[in-house]
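1. Mind looking at a prediction? Sequence and model below.
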Amino acid sequence: MSSTVSITVDGKTIEVQKGKPLLQALLDAGIKVPYFCYHPRLRIIGACRMCIVYNEKTGRLITSCNTPVEEGMIISTKHPLVIENQKYLLQAFMTRHPLDCPICDKAGECDLQNYGALFGPQKQIVPVSALEKQRHQLDWESDFLEYYSNRCVVCYRCTRACDDVVGARALYVEERGFQVNIAPAIRPMDTSTCEMCGLCVYVCPVGAIISKPFKYWTRSWLLKKGTTACNFCAVGCEVQIEYGVGDWRSKEKVYRTKPTDNLDICAKAFFGYDLLNESRLRKPQLFGKEETFGNSAQILATYLKGEGNTAIILSGYLSNENLALLKEVAQRSSSLVSTTLTANLYPFLQTYGEYKPISIEELKNYSQFLLVGEDLTSTAPVLSYYLKGKVFKVGKVERDAKLNPEVLSWEDAQNLEGNGLLVFNLEGVFGKLAKEWGTKVRKFKEEKGWDVMLVCKEANFLGLLQTFSWEELSPIESLIRYIEEGRVRNLLIFGEDLLDLYPQERIVKLRERVEYFVVFSPFLDGLSSLSYFRVPMFLMGEEEGSYSTLMGERKTKSFLPKGGSLQEFLKSLLDNLPKEGRINRLSEELFPEEEKVEIHLYRSNWITKRSANLLRLYEKNAIQEVIKNA
């Protein structure tokens, strides 16, 4: 249990946690102190010296970021020496910093710009021409990140975020003094160890590193902002979405996505935000014409109440609230229910037994990790940020190489000593193989005493698991064949999880075997384009709900102007269905053939495949891979 101490700041006494960085304690108390290099998630280095305060007891200036609070401290943030030195430091920064705010994307949210107004000398004391401000420019050779060396204040936030948080080590410091540059370890930047998480853009206090897709489109003060949970994968990061109207060329849309100061974000959200804007299904459509949610619900209810079987294929990207409503819909319509997770997660748990989820917060309790299966960094990138310790790997190593894993066979893993965490990636592990692995992992857990964390790419695989038991679900391959035999009248498909498992040609043929083919999707294209009856699903920032993620229970919020509520549609549907019924089930256990499943950081699921930004990154990396192997 942490103890508190009393310190006096500018004549006021405050209680703070003992040992906390003095700067953080001051900020938490609402006291304004300028700083560049400090960030609560990053290793403290005390590089910029801007956070100086006056220690009344010693009569000296101290940097507050690397000074832990102690009982009885008497601190002044307004002492004449503090004010004088802050002005001097800002003058030094401004002397060679280009005054290109009119074209800099950071204008309006730049720390140097703001501190110059609040704490600076308010005039240029040392005459330096624009030409003398020039510093050697370094081309990162990236289509997505741009570096302006002249704007850099050498705070090293970007390199620390890349090294200490992400672990990609894609940046390093080149030269010294005024000639310092932040350089990519490998160029082209887009095909290096860089994961395009965008953290370097976010933590940069000035406009030295910017996002090219955002460049020149709008200004920060023109945008509206909202914070929600990302539902592009199972991690559940808290992200900020900025939207609105940009310049004369643009329309109301999402312009960028950023992390919060937790620094939990990956390329899927940072550059994949463009999928929120394109080819979106916003309202129900019947025979190519828009219909109200209420009328659509009534029409669908007449289908479900008619004679013949109904099959519902759920998506692992639905919220807990929508899953609960769909369970009731399935019961009242006596439907067959399935999900692609019946191909891997549920068979695994048949032999593994009851699974108790482990959250990312608990990872700090482990010093060694055993990763089994496909590339974890590509499946759930932010999860890899939290694996701090010795890492062993059973399976191929691609981007997981950043974790410096010791590659083992499963047999060799039986010789590991001590306690640890086994992280099992279920992607590409189907049917009988999943059952075999369930037995192996259970035995390993019982004999070695290690805990187990399961990972699937679906954003709410844990929520689906908590809502539907194996006894309530039909194996996906069994249901697909049942439909192919013409034994289903109504087919309701949520999302495009099926396309992660089956070729599109096979799913298209299902349309011909049923009378009513209803697709629920966020998009106008894909499976949605095959149906005359389509209903919107909603993405992050568009619908209220909750997800059971690797970070625990996460709430999603609705603030984007074109959002909606699938929940309200399902509630209307329930109002028009019988009060009684039960979920039907196919007992025959058939599973998909074991095919090669592509696990790629920029192309991991049917949602992120819609992003043009991520597609460009994927294609560029694919070309580079061909060149490398030629």
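-> In hand now; what should we look at?
2. For the stretch 151-300 of the chain, which segments count as strands?
-> Using DSSP state E, counting those that start in this stretch, the strands assigned to the stretch 151-300 of the chain run over residues 171-174, 181-184, 209-211, 223-229, 238-244, 253-259, 285-286, 289-290.
3. among those, which is nearest residue 402?
-> strand 171-174 (13.1 Å; Cβ to Cβ). Using the backbone N, CA and C atoms, a C-beta is placed for each residue, glycine as well.
4. how about the strands of the stretch 151-300 of the chain in JSON lines, adding distance to residue 515?
-> Formatted as JSON lines, the strands of the stretch 151-300 of the chain follow (distance: least, Cβ to Cβ, whole Å):
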{"stretch": "strand 171-174", "distance to residue 515": "57"}
{"stretch": "strand 181-184", "distance to residue 515": "56"}
{"stretch": "strand 209-211", "distance to residue 515": "48"}
{"stretch": "strand 223-229", "distance to residue 515": "38"}
{"stretch": "strand 238-244", "distance to residue 515": "40"}
{"stretch": "strand 253-259", "distance to residue 515": "38"}
{"stretch": "strand 285-286", "distance to residue 515": "15"}
{"stretch": "strand 289-290", "distance to residue 515": "20"}
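5. any idea how far the residue most central in space within the chain lies from residue 225?
-> Nearest to the mean C-alpha position of the chain, counting by Cα atoms, centre = their mean, stands residue 265 at 4.3 Å. Using Cβ to Cβ, to the nearest Å, residue 265 is found at 15 Å from residue 225.
6. In this structure the residue nearest to the centre of the chain contacts residue 198, no?
-> Yes. The criterion here is Cβ atoms under 8 Å, and residue 265 meets it with residue 198 at 6.4 Å.
7. what do the two both touch?
-> 258-259 (Cβ atoms under 8 Å, 6 or more residues apart in numbering).
8. List the residues that contact residue 44.
-> By Cβ under 8 Å, 6+ apart, the neighbours of residue 44 are 21, 38, 65-66.
9. I misspoke; the intended subject was residue 16.
-> For residue 16, the contacting residues are 4-5, 7, 25, 28-29, 69, by Cβ under 8 Å, 6+ apart.
10. Of the strands of the stretch 151-300 of the chain, which is nearest residue 610?
-> The nearest among the strands of the stretch 151-300 of the chain, by Cβ to Cβ, is strand 253-259 at 13.0 Å.
11. Chain neighbours aside, what residue packs nearest to residue 333?
-> Leaving aside its sequence neighbours, residue 333 sits nearest to residue 304 (Cβ to Cβ, 6 or more residues apart in numbering; 4.1 Å).
12. Test my guess that that neighbour contacts residue 577.
-> Yes. Here residue 304 reaches residue 577: they are 6.3 Å apart, a contact under Cβ under 8 Å.
13. residues contacting residue 233?
-> Contacts of residue 233 by Cβ under 8 Å, 6+ apart are 266, 268, 379-381, 457, 459, 604-605.
14. ok now do residue 517, which residues does it touch?
-> By Cβ under 8 Å, 6+ apart, the residues touching residue 517 are 491, 493, 510-511, 530-533.
15. List just the nearest of these to residue 354.
-> Nearest to residue 354 among the contacts of residue 517 is residue 493, at 29.9 Å by Cβ to Cβ.
16. picking up where we left off before, and the contacts of residue 44, which are buried?
-> Buried members of the contacts of residue 44, counted by 16 or more other Cβ atoms under 10 Å: 21, 38, 65.
17. Return the member of these nearest to residue 99.
-> Closest approach to residue 99 among those (Cβ to Cβ): residue 38, at 24.9 Å.
18. Give me the spatial nearest neighbour of that closest one, chain neighbours excluded.
-> Nearest residue to residue 38, sequence neighbours excluded (Cβ to Cβ, 6+ apart): residue 65, at 4.3 Å.
19. Regarding that neighbour, what are the backbone dihedral angles?
-> Phi and psi for residue 65, reported as degrees, to the nearest 10, are phi -70, psi -40.
20. measure it to residue 480 for me?
-> 58 Å.
21. what does residue 550 give?
-> Counting by Cβ to Cβ - residue 550 and residue 480 are separated by 29 Å.
22. So, low pLDDT: which residues of the protein?
-> Counting by pLDDT under 70, the chain contains low-confidence ranges at 1-2, 124-134, 247-250, 594-596.
23. quick revisit: more neighbours, residue 304 and residue 577?
-> Set residue 304 next to residue 577 and count neighbours by other Cβ atoms under 10 Å: residue 304 wins out with 25 against 18.
24. need the strands for the stretch 401-550 of the chain, in chain order.
-> 406-407, 421-425, 451-455, 490-494, 516-521, 533-536, 542-549.
25. Show me what the fourth one is packed against.
-> In terms of contact count using 3 or more Cβ pairs under 8 Å, 6 or more residues apart in numbering; DSSP states H and E, strand 490-494 is assigned the packing partners strand 310-314, strand 516-521.
26. again, 10 Å this time
-> On a contact count with 3 or more Cβ pairs under 10 Å, 6 or more residues apart in numbering; DSSP states H and E, strand 490-494 meets helix 293-305, strand 310-314, helix 320-332, strand 336-339, helix 504-513, strand 516-521, strand 533-536.
27. cool, the third one as well?
-> Taking 3+ Cβ pairs under 10 Å, 6+ apart as the contact definition, the neighbouring helices and strands of strand 451-455 are helix 345-352, strand 368-372, strand 421-425, helix 431-448, helix 461-467.
28. got a list of contacts for the first one?
-> When you say that, I think you mean helix 345-352. Contacts to helix 345-352, defined as Cβ atoms under 10 Å, 6 or more residues apart in numbering, come from residues 316, 338-339, 341, 355, 424, 426, 429-443, 445, 452, 454, 456, 458, 461-462, 464-465, 468-470, 473, 475-476, 589, 591.
29. Which residues belonging to stretch 528-537 are considered buried?
-> Neighbour-count burial for stretch 528-537 flags 528, 530-531, 533-537 (criterion: 16+ other Cβ under 10 Å).
30. Let me have the residues you listed in JSON lines, extended by distance to residue 276.
-> As requested, the buried residues of stretch 528-537 are exported to JSON lines (distance: Cβ to Cβ, whole Å):
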{"residue": "528", "distance to residue 276": "16"}
{"residue": "530", "distance to residue 276": "23"}
{"residue": "531", "distance to residue 276": "22"}
{"residue": "533", "distance to residue 276": "24"}
{"residue": "534", "distance to residue 276": "18"}
{"residue": "535", "distance to residue 276": "18"}
{"residue": "536", "distance to residue 276": "13"}
{"residue": "537", "distance to residue 276": "13"}
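31. Just name the closest of the residues you listed to residue 177, please.
-> residue 537 (54.1 Å).
32. Helices of the stretch 1-150 of the chain, start to end?
-> Applying DSSP state H, counting those that start in this stretch to the stretch 1-150 of the chain gives helices spanning 22-28, 80-96, 111-119.
33. most neighbours per residue, which of those helices?
-> Among the helices of the stretch 1-150 of the chain, ranked by average contacts under mean count of other Cβ atoms under 10 Å, first place goes to helix 22-28 (a mean of 21).
34. Let's see that one as CSV, backbone CA atoms only.
-> Taking C-alpha atoms only, helix 22-28 is exported to CSV below (Å, rounded to 0.1, in the frame of the first residue of the first chain):
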residue,chain,number,x,y,z
LEU,A,22,7.5,15.7,-8.7
LEU,A,23,6.4,16.9,-12.1
GLN,A,24,3.5,14.4,-12.3
ALA,A,25,2.5,15.3,-8.7
LEU,A,26,2.3,19.0,-9.8
LEU,A,27,0.4,18.2,-12.9
ASP,A,28,-2.1,16.0,-11.0
